[in-house]
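Asker: Any chance you can model this:
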Amino acid sequence: MERNPYAPPVAVVADQVRVPEDDELASRLQRFLNYIIDAIAQFLLAVGIGIVSQLGNSTWMFSLTGMSTIVFNFVLGCTYYLFCEGVFGRTVGKLVTRTRVVTVSGENPRFLQIVGRTLARFIPFEAFSFFGPLAVGWHDSLSGTRVIRTSSN
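Answerer: Reported below is the predicted structural model:
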């Protein structure tokens, strides 16, 4: 069969991206639980680092004061979120609450979006940014990401 040069073009949609709907976004309760569970996970990670440093006869962690504590917590938080969300697309809190991070167009986020998302968490009063009409924080809107519900872990 010959190709008809006068036939109208045919569009083929390969992988259509589905934008998350507002009702698919994680609820404020899920986001709050994510925050609490992730804070506990980071605390346990810090305790583990302290135990390991103590086993190595190092007491550097127990001598942290003032600015060095702030820097340690910043590095720990960045490492936690970059690793968890960058590698798995979710943190421990998101795993428990069955949520995950996607872009505003519903795709897996790029690593630079995760970096922006992580750094935006350290903006003062960022935790209060969830009081808007949707459970979307500044670290979501600035990085072009959303946290959505998933049906499975």
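
Asker: so S143 is in which element?
Answerer: Counting by DSSP states H and E, there is no helix or strand that carries S143.

Asker: quick one: it and F111 touch, right?
Answerer: No: contact criterion Cβ atoms under 8 Å: S143 and F111 do not qualify, at 11.1 Å. Heads up, the C-betas are built off the backbone N, CA and C, glycines and all.

Asker: These two: who's more crowded?
Answerer: Shown here are S143 and F111; by other Cβ atoms under 10 Å, S143 has more neighbours (24 against 11).

Asker: now this protein, which segments are flagged as low pLDDT?
Answerer: 1, 12-20, 22-23, 60-62, 152-153 (pLDDT under 70).

Asker: Nearest the geometric middle of it, what residue?
Answerer: With distances taken as Cα atoms, centre = their mean, E85 lies nearest the centre of the chain, 4.9 Å away.

Asker: Can you tell me the SS state at P8?
Answerer: coil (DSSP: H, G, I helix; E, B strand; the rest coil).

Asker: What about it, how many residues nearby?
Answerer: For P8, the tally of surrounding residues (other Cβ under 10 Å) stands at 6.

Asker: Excluding residues flanking it in the chain, which one is nearest V92?
Answerer: A41 (4.4 Å; Cβ to Cβ, 6 or more residues apart in numbering).

Asker: Is the one you found in a helix, a strand, or coil?
Answerer: When classified by three-state DSSP, A41 comes out as helix.
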